[in-house]
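Using only what follows, build the 3D model:
(2 chains)
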Amino acid sequence: MNQIAPNSYRTGPDEKGLFGIYGGRFVAETLMPLILDLQKAYDEAKADPTFQAELDGFLEHYVGRPSPLYFAERLTEHLGGAKIYFKREDLNHTGAHKINNVMGQILLARRMGKTRIIAETGAGQHGVATATACARFGLKCIVYMGEVDIERQKPNVFRMKLLGAEVVPALSGSRTLKDALNEALRDWVANVEDTFYCIGTVAGPHPYPEMVRDFQCIIGNETKKQMHRHEGRLPDSLIAAIGGGSNAMGLFHPFLDDPSVEIYGVEAAGSGVDTGKHAASITGGRPGVLHGNRTYILMDDDGQITEAHSISAGLDYPGIGPEHAWLNDTKRVSYVSATDKEALEAFQLCCQLEGIIPALEPSHALAHAMKLAPTKPKDHLMVICMSGRGDKDIFTVADHLGVKL
Amino acid sequence: MTTRIDQRFADLKKEGRAALVTFVTAGDPDYATSLEIIKGLPMAGADIIEFGMPFTDPMADGPAIQEAGLRALHAGQTLIKTLDLVRDFRKSDDRTPVVLMGYYNPIYIHGVERFLKDAKAAGVDGLIIVDLPPEEDEELCLPAIKAGLNFIRLATPTTDDKRAPTVLRNTSGFVYYVSVLGITGTKAPDLKSVEQNVTRLKGHTKLPIAVGFGVKTAEQARSIAKSADGVVVGSALVNAVKTSLKAGKATPETAKAVHRLVSEIAQGVRS
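Residues are numbered from 1 along each chain as shown, chains lettered A, B, ... in the order given. Below is the predicted model:
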């Protein structure tokens, strides 16, 4: 691709919601007025200092921010190269980065006078975060979750129910995250008056990719300040796992215009990208239109969406946020992948060396760090987004290791 | 430019009655039966054929049409085969308008220019693409108009007077009024609000207005035909396909069951 690098990588999307050719508003007409309303409400909230102040208050006292930037000393020694830091999103309330975005969207929903919140979830982390915020504000909460994911993420399903949410199984198609998203969109079309759709990642129709990114940028903004405090300079590389890509976008975006920072997004390669059983939309997919946006998607030659496969339910999605698609084409970010097997190895290594049980999602980022860190000098500062904790995954991991609990 | 759709609505206006628009999914339950179904639709009383292009992720469709799409895909249906079906249909019927309804991705992957050329050549008259609102007109709507195909837009209960001109701007052929807030084939339309909304939309356009989503009986069709220029029946026909199947396969009853229901509803529209 013969493109001239833009002056800034941080100005998107344009007024049509496009990042290059990606993004847009590919939705049914019924939803169009709602999306335009949401955009207006979000633009107003963004410009209102009381909104930001309210959000900051909840992020500090309810979510527990700022999350630490932790020097992973033993992992660094073990790998023998780059100096590795973890951005500890696993220490947030509800155990993952998802709550950052949810607090923002729920405060916006309240501002818009919406009383019924719907969400989709894969691993259940976004569902739990949404159920949590809804409980906190007394809002009705309905979470759509693929029947297959309900089976493999039982603890999170029970958590959501404890928090008062209704968990509705998505029974159509592949019965995973993409189908949960379809069901949520169908619900929204039928309940336009009182319902706010709280999307969990940087995908969907404009303005969601932008809005979710903005709410997640606190990850990168804090990292920048913390790294200055620890080391007096910028990091040299960033690594984050990508399903839809919200933790990655949150970490990456504040660094996009710092050309010295290498950035790596790690997709889930499942059994291997060449096996057809994977969730690597950029590595193994192509540009298409699904769920309201144009982006890289896994599909067949007829344009039918194919199923994603990953050990991690949170990465098991056949698409990726449109801004990632653009950052791939402009080559600002390198998109790589890690297999189930590599993620499992990284998971165990992190438990043993750092006393941190990572979620399977950031285990993919750790897996890439295991390849990359040894090739870097000791003064190379590497940040891995520890996007969530792994308590929810111990059953899956035990199963793969052949351990009976 | 006059298409088969424009001609058909003009003819029906002279007859003084509304059009019956019938939706079935292309390739459901298999290619041969699907062809048999559409071939018999005009005789059964269909004035316009709406042909669903199967897609794995139909976000505006209810369970009936979702399942029909999956049945067709499992039987090997593709976009190319859907165009083949239209071409086969045209061998014996050059007058009944055919509208393809579906989602953008399979068209985008086929290639917009190539698709428009192939569709036109196969005998397609119009397109309804659910996930292309007016904000995305440059993608397919404007090229389709240029290629001589009607681009039929959905108007919905959320299309207020402020939004209506945007929705209607590049619409041609007819306007498809979605009578319920929701997905296809689930809720029954509130006939009074349908009438009000059709009247309201007529203040914005001279195009014929067809009403669909949730129309299942001759009685509903009769009431809607009083205020609208057309009535769309979809999920009910797709359900007729489903109940006629044995072990997921077509039976000699499949096409007949669809045609019988169409005749019944056609009586409603014509009375």
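
interface residues of chain A facing chain B?
A:16, A:24-34, A:172-173, A:178-179, A:182, A:185-186, A:189-192, A:286, A:288-292, A:294, A:297, A:299, A:301-305 (C-beta under 8 Å from any C-beta of the partner chain). For glycine as for every other residue, the C-beta is placed from the backbone atoms N, C-alpha and C.

same thing but at 6 Å, please
For chain A, the contact set with chain B under C-beta under 6 Å from any C-beta of the partner chain comprises A:25-26, A:28-30, A:32-33, A:172, A:182, A:185-186, A:189-190, A:192, A:288-289, A:302-305.

Write a ChimeraX command that selects only the buried members of those.
For the buried members of those, the matching ChimeraX selection, counting by 16 or more other C-beta atoms under 10 Å in any protein chain shown, is:
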select /A:25,26,28,29,30,32,33,172,182,185,186,189,190,192,288,289,302,303,304,305
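
Just the residues of chain A next to chain B: which are in helices?
Judged by DSSP state H, helices contain the following of the residues of chain A next to chain B: A:32-33, A:182, A:185-186, A:189-190.

Let's see the pLDDT reported for whichever residue of the stretch 101-250 of chain A sits closest to chain B.
Distances between the stretch 101-250 of chain A and chain B by C-beta to the nearest C-beta are smallest at A:Ala190, namely 3.6 Å. At A:Ala190, the model reports a pLDDT of 91.

partners of A:Ala240 in the sheet?
A:Ala240 forms beta bridges with A:Gly265, as assigned by DSSP bridges.

close enough to count as contact, it and A:Ser246?
No - A:Ala240 lies out of contact with A:Ser246 (C-beta atoms under 6 Å); the separation is 9.6 Å.

more crowded one of the two?
A:Ala240 (32 against 28; other C-beta atoms under 10 Å in any protein chain shown).

Contacts only, for the more buried one.
Contact partners of A:Ala240, counting by C-beta atoms under 6 Å, 6 or more residues apart in numbering or on different chains, are A:247-248, A:251, A:365, A:385.

what about 7 Å?
Contact partners of A:Ala240, counting by C-beta atoms under 7 Å, 6 or more residues apart in numbering or on different chains, are A:247-248, A:251-252, A:265-266, A:365, A:385, A:387.

want to throw the ones in helices among the residues of chain A next to chain B into JSON lines with distance to A:Thr201?
Output for these, formatted as JSON lines (distance: C-beta to C-beta, whole Å):
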{"residue": "A:Met32", "distance to A:Thr201": "21"}
{"residue": "A:Pro33", "distance to A:Thr201": "23"}
{"residue": "A:Asn182", "distance to A:Thr201": "15"}
{"residue": "A:Leu185", "distance to A:Thr201": "14"}
{"residue": "A:Arg186", "distance to A:Thr201": "18"}
{"residue": "A:Val189", "distance to A:Thr201": "20"}
{"residue": "A:Ala190", "distance to A:Thr201": "23"}
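
which residues touch the residue of the stretch 101-250 of chain A closest to chain B?
A:Ala190 makes contacts with B:181-183, as judged by C-beta under 7 Å, 6+ apart.

near chain A, which of those residues show up?
B:181-183 (C-beta under 7 Å from any C-beta of the partner chain).

Not counting residues beside it along the chain, what's closest to A:Asp393?
In space, and not counting its chain neighbours, A:Asp393 is closest to A:Leu360: 4.7 Å by C-beta to C-beta, 6 or more residues apart in numbering or on different chains.

Now do the one you found against chain B, distance only.
Plainly put, A:Leu360 is 25 Å away from chain B if you go by C-beta to the nearest C-beta, to the nearest Å.
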